[in-house]
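> Predicted model follows, preceded by the sequence.
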Amino acid sequence: MTGEISLQGYVLPVGGIKEKCLAALRNNIKRVIIPYENKYDVEELPKETKENLEFIFAKDIKEVIKNSLDYSYVNNQGRELRSKF
């Protein structure tokens, strides 16, 4: 994921989207979270890059957390726990 978050929790646009997406592919990353305002940058990516990555466009920190963390896991007793988000 890449971006900057304002004090109010909004995801702000950043530069270098093309380079960051190409680096993600080189490192076998399949999903990238990008600021919503950088959506137009994705349209300019090479076709192969767009086909091999899943793009999530986030407007606020809640969308980032929701898409970046897996809130279900199993504790030491084997019971499944879930977050309150």
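Noted; the coordinates are in hand.

> Strands of this protein, start to end?
Defined through DSSP state E, the strands belonging to the chain, from first to last, are 4-5, 11-12, 31-35, 54-58, 73-74, 80-81.

> Kindly reformat these as CSV containing distance to Val42.
To be clear about C-beta, it is placed using only N, CA and C from the backbone, and glycine gets the same treatment. Listed next are the strands of the chain as CSV, based on distance: least, CB to CB, whole Å:
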stretch, distance to Val42
strand 4-5, 18
strand 11-12, 15
strand 31-35, 7
strand 54-58, 6
strand 73-74, 31
strand 80-81, 35
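
> List the contacts of the residue nearest the centre of the chain.
Residue closest to the average C-alpha location in the chain (CA atoms, centre = their mean): Ile33, at 1.7 Å. Residues in contact with Ile33 (CB atoms under 8 Å, 6 or more residues apart in numbering) are 1-3, 56, 58, 64, 67-68.

> of those, buried ones?
Members of the contacts of Ile33 that pass the buried threshold by neighbour count (16 or more other CB atoms under 10 Å) are listed as 1-3, 58, 64.

> quick one: which of the residues you listed sit in helices?
If you go by DSSP state H, the buried ones among the contacts of Ile33 have Val64 in helices.

> Tell me what the residue nearest to the centre of the chain is bridged to.
The partner list for Ile33 in beta bridges (DSSP bridges) reads Ile56.

> any idea how far stretch 7-21 is from the chain center?
Relative to the chain's own centre, stretch 7-21 is displaced by 10 Å; criterion: CA atoms, centre = their mean, to the nearest Å.

> Next, the buried residues of it.
By 16+ other CB under 10 Å, the buried positions in stretch 7-21 come out as 10-11, 17, 20-21.
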